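1. quick one: sequence plus predicted model below, questions after.
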Amino acid sequence: MPLYNISGSQYLGLLKFFNSYQRNNVLGKQELRAILSRRDIEPTDNELQQMIDSISVESSGIGFQAFVDYISEFEGLRDQDKDFSAAFNIFDRSGTGELSREDLAIVIGKMGQKGTDVDAIIEACDKNNDGKIQYDEFIEVMKKQI
């Protein structure tokens, strides 16, 4: 039976991962630094403490329960990314990997939003000013909307 929206095998994997880094049953600054440095992320002590404080009520570190809660929440965000990806693919009618004015106009028209200003949408989303919306631009805007 899934626990915290994760499967039993995922839970056991998290336990194994946690146990490989934990000291005194918590992930403290040193342990978090070791985990993050494996991903070439080098936070300051202050950033590490902020991370701990945002995840756990224990200022000395992150216990297993808080770790599982956090990862479970993170997994939910990954599902959100899949939803955004599916939405992008619906809008990308031409299959180019970017949203053109024509792509947006067709989908918005089919949604019954005829008064919607397609150019205004592109202007708001198009960070590199190429007149199209790339996937990363689309995701950035979608995440701000949530």
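-> Right, received. Where do you want to start? Numbers count the residues shown, from 1 in each chain.

2. quick one, phi/psi of Val26?
-> Val26 adopts backbone torsions of phi -140, psi 160, taken as degrees, to the nearest 10.

3. just Ile133 next, same as before
-> phi -110, psi 110.

4. measure Phe17 to Phe64 for me?
-> Note on Phe17: its distance to Phe64, by Cβ to Cβ, to the nearest Å, is 10 Å. Any C-beta I mention is one placed from the backbone N, CA and C, and that applies to glycine too.

5. next one: Cys125
-> Going from Cys125 to Phe64 by Cβ to Cβ gives 40 Å.

6. how about Met142?
-> Remark: distance between Met142 and Phe64 (Cβ to Cβ) = 32 Å.

7. now for the helix or strand of the chain with the lowest mean pLDDT, which elements pack on it?
-> Every helix and strand of the chain was ranked by mean pLDDT, DSSP states H and E. The lowest is helix 64-91, at a mean of 76. With contacts defined as 3 or more Cβ pairs under 8 Å, 6 or more residues apart in numbering; DSSP states H and E, helix 64-91 has these neighbours: helix 8-21, helix 45-55, helix 101-110, helix 135-145.

8. now the ones you listed as a markdown table including mean neighbour count and distance to Ala120?
-> Shown next, in a markdown table, are these (neighbours: other Cβ atoms under 10 Å; distance: least, Cβ to Cβ, whole Å):
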| stretch | mean neighbour count | distance to Ala120 |
| --- | --- | --- |
| helix 8-21 | 13 | 42 |
| helix 45-55 | 14 | 35 |
| helix 101-110 | 15 | 10 |
| helix 135-145 | 14 | 12 |
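
9. how about those in a markdown table, adding mean pLDDT and distance to Val118?
-> A markdown table is the format used below for those (pLDDT from 0 to 100; distance: least, Cβ to Cβ, whole Å):
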| stretch | mean pLDDT | distance to Val118 |
| --- | --- | --- |
| helix 8-21 | 87 | 42 |
| helix 45-55 | 87 | 39 |
| helix 101-110 | 84 | 5 |
| helix 135-145 | 84 | 14 |
